[in-house]
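Undergrad: Need a 3D model of the sequence below.
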Amino acid sequence: MAAISLAGISKRFADGTLAVADLHLDIDDGELLALVGPSGCGKSTVLRILAGLETPTTGEVTIEGRVVTDMAPGDRDLAIVFQDYALYPHLSAYQNLAFGLKAKRIGRKAIDHRVRAVAALLGIEPLLHRKPRALSGGERQRVAMGRAIVRQPSAFLMDEPLSNLDAKLRVALRSEIRRLHRELGATFLYVTHDQTEALTIGDRVAVLRRGRLQQLDHPQRLYQAPANVFVAGFIGTPPMNLLVAHVQLDDGDRVARAGPWSIPVPAQVTSDKIVVGIRPEHFGADPFTAGFGRAPTVELTVTEVETLGGVSLLHFDVDAQPVSVRDDETPDVPFSLGDSGSTLIAAVDARVDAIPGSLLAIALDTSRVCFFDFETGEAVVSGDPSVRRLR
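TA: Okay, here's the model as predicted:
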């Protein structure tokens, strides 16, 4: 096992592209850290720098207390699992697992013991005689993981290992990776563009945007208390509803007016213009609003219905200025503003009787609303009382 530290890491390529910008990231000994962000955010570059496949322009890489910034990949005692499996097609699964051990001149009996132990751990013992072409995608990925595990490295680097698999198999292997992490007790860096995958796999999750770290937190805190508008809009399926709100006095109380709602404003909010964020599940529709208490209710017309098992996603329009996340070449601009009308999404009980054109009473749990600074996009107050904090 090994603790990993990236201190002040930047990477600028020859064409001038800044892939990573002053990244400070510590991975604890035995931790599974998920690194997530949209395509092109620099997450694979971070993994390659850690592996020694890329040289950082600035900064220092430390593994288990050793500075390895200029060390060759083979001397870092790391194992990498790629998304394309990278198996030798002419070798059997057994031979693929044993290949790296033979190069280290480990005895035949020791190799056989290790290979079969790892095969048992991964449930691929019956497949050891097969070549990659005779294996399914999930079986190939298990062999690729086994080839990394059998080396007994100090840490594992996984670069979108499940992206080539179908949705059902990805869910199954997510659980498998979590189990392997618990049993091995090793340090994992898991790179993915899938935020659901990151939230379900990671002990902690680091969110990147344009090579810059946006937030590093435990999955639930990341979801309930996003550090800025980008994280709020990126994390969550469907994403958080983001609206411009104007702070006004209502019978002596300060409220944020966003569409048809007047939302009580915490004392930390001092400006007259704010961005509010509402998770879809923090809306409710009659008669299934248990737990919403005296939440304000307004009548809204449903424009679209998506049924997902026990949940329905209701779309409705409100008269408020929408906010959308930016992911372009101007990373200092936190978000963009749309026209005056917003389409919001509410995740409600699927038993709600709704079709396009239905007029429904929609409740909003105002205690769960997030507030973001209009100028910087940074969080002022989190949206969950249990994790509420000033930024």
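Undergrad: ok, how many other residues are close to Val311?
TA: Counted with other CB atoms under 10 Å, the burial measure for Val311 works out to 16 neighbours. For the C-beta atoms, the positions are set from N, CA and C on the backbone; glycine is no exception.
Undergrad: Bridged to it, which residues?
TA: Listed by DSSP bridges, the beta-bridge partners for Val311 are Leu308, Asp349.
Undergrad: Please shift the residue numbers so they start at 662 in all later answers.
TA: Yes, from this point I'll number from 662; that puts the last item at Val972.
Undergrad: and the closest residue to Asp738 other than its chain neighbours, what does it touch?
TA: Using CB to CB, 6 or more residues apart in numbering and skipping residues adjacent in sequence, the residue nearest Asp738 is Ser815, 4.4 Å away. Neighbour list for Ser815: Met662, Ala663, Ile724, Glu725, Asp738, Leu739, Ala847, Thr848 [criterion: CB atoms under 8 Å, 6 or more residues apart in numbering].
Undergrad: distance of the fourth one from Val811?
TA: Plainly put, Glu725 is 20 Å away from Val811 if you go by CB to CB, to the nearest Å.
Undergrad: Tell me which of those two has more neighbours.
TA: Neighbours of Glu725 and Val811, each counted by other CB under 10 Å, are more numerous for Val811; the result is 23 against 16.
Undergrad: hang on, isn't that one packed against Gly761?
TA: Yes - using CB atoms under 8 Å, Val811 is in contact with Gly761, at 7.1 Å.
Undergrad: coming back round to it: is it possible to mark the buried ones in the contacts of Ser815?
TA: The neighbour-count test (16 or more other CB atoms under 10 Å) marks Ala663, Ile724, Glu725, Asp738, Leu739, Ala847, Thr848 as buried among these.
Undergrad: What residues does the first one make contact with?
TA: To tie it back to what came earlier, the one meant is Ala663. For Ala663, the contacting residues are Asp690, Ile724, Glu725, Asp738, Ser815, Ala816, Thr848, by CB under 8 Å, 6+ apart.
Undergrad: Max pairwise distance over these: which two?
TA: Between all members of the contacts of Ala663, the longest pairwise span (CB to CB) is found for Asp690 and Asp738 and amounts to 13.8 Å.
Undergrad: Okay, buried residues for the helix or strand hosting Asp687 please.
TA: Remark: Asp687 resides in strand 679-688, with elements defined by DSSP states H and E. Neighbour-count burial for strand 679-688 flags Leu679, Ala680, Val681, Ala682, Leu684, Leu686, Ile688 (criterion: 16+ other CB under 10 Å).
Undergrad: ok, now stretch 938-957?
TA: For stretch 938-957, the buried set under the neighbour-count rule, 16+ other CB under 10 Å, comprises Gly938, Ile939, Arg940, Pro941, His943, Phe944, Gly945, Ala946, Thr950, Phe953, Ala956.
Undergrad: any idea what sits nearest Leu789, other than its immediate chain neighbours?
TA: Counting by CB to CB, 6+ apart, Leu789 lies nearest to Tyr755, which is 4.1 Å off, once chain neighbours are set aside.
Undergrad: List the buried residues for the worst-scoring helix or strand of the chain on mean pLDDT?
TA: Scoring the helices and strands of the chain by mean pLDDT, DSSP states H and E places strand 996-998 at the bottom, with a mean of 79. By 16+ other CB under 10 Å, the buried positions in strand 996-998 come out as Phe996.
Undergrad: Pull up the pairing partners for it, direction included.
TA: Each strand that strand 996-998 pairs with, and the sense of that pairing, follows from DSSP bridges: strand 984-986 (antiparallel).
Undergrad: how about the buried residues of stretch 938-957 in JSON lines, adding secondary structure?
TA: Written out in JSON lines, the entries for the buried residues of stretch 938-957 read as follows (DSSP: H, G, I helix; E, B strand; the rest coil):
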{"residue": "Gly938", "secondary structure": "strand"}
{"residue": "Ile939", "secondary structure": "strand"}
{"residue": "Arg940", "secondary structure": "coil"}
{"residue": "Pro941", "secondary structure": "helix"}
{"residue": "His943", "secondary structure": "helix"}
{"residue": "Phe944", "secondary structure": "strand"}
{"residue": "Gly945", "secondary structure": "strand"}
{"residue": "Ala946", "secondary structure": "strand"}
{"residue": "Thr950", "secondary structure": "coil"}
{"residue": "Phe953", "secondary structure": "coil"}
{"residue": "Ala956", "secondary structure": "coil"}
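Undergrad: Now Val916: closest residue in space that isn't a chain neighbour?
TA: The nearest residue in space to Val916 (CB to CB, 6+ apart) is Ser923, at 4.2 Å.
Undergrad: Please give me every residue in contact with the one you found.
TA: Asp911, Val916, Ala917, Pro957.
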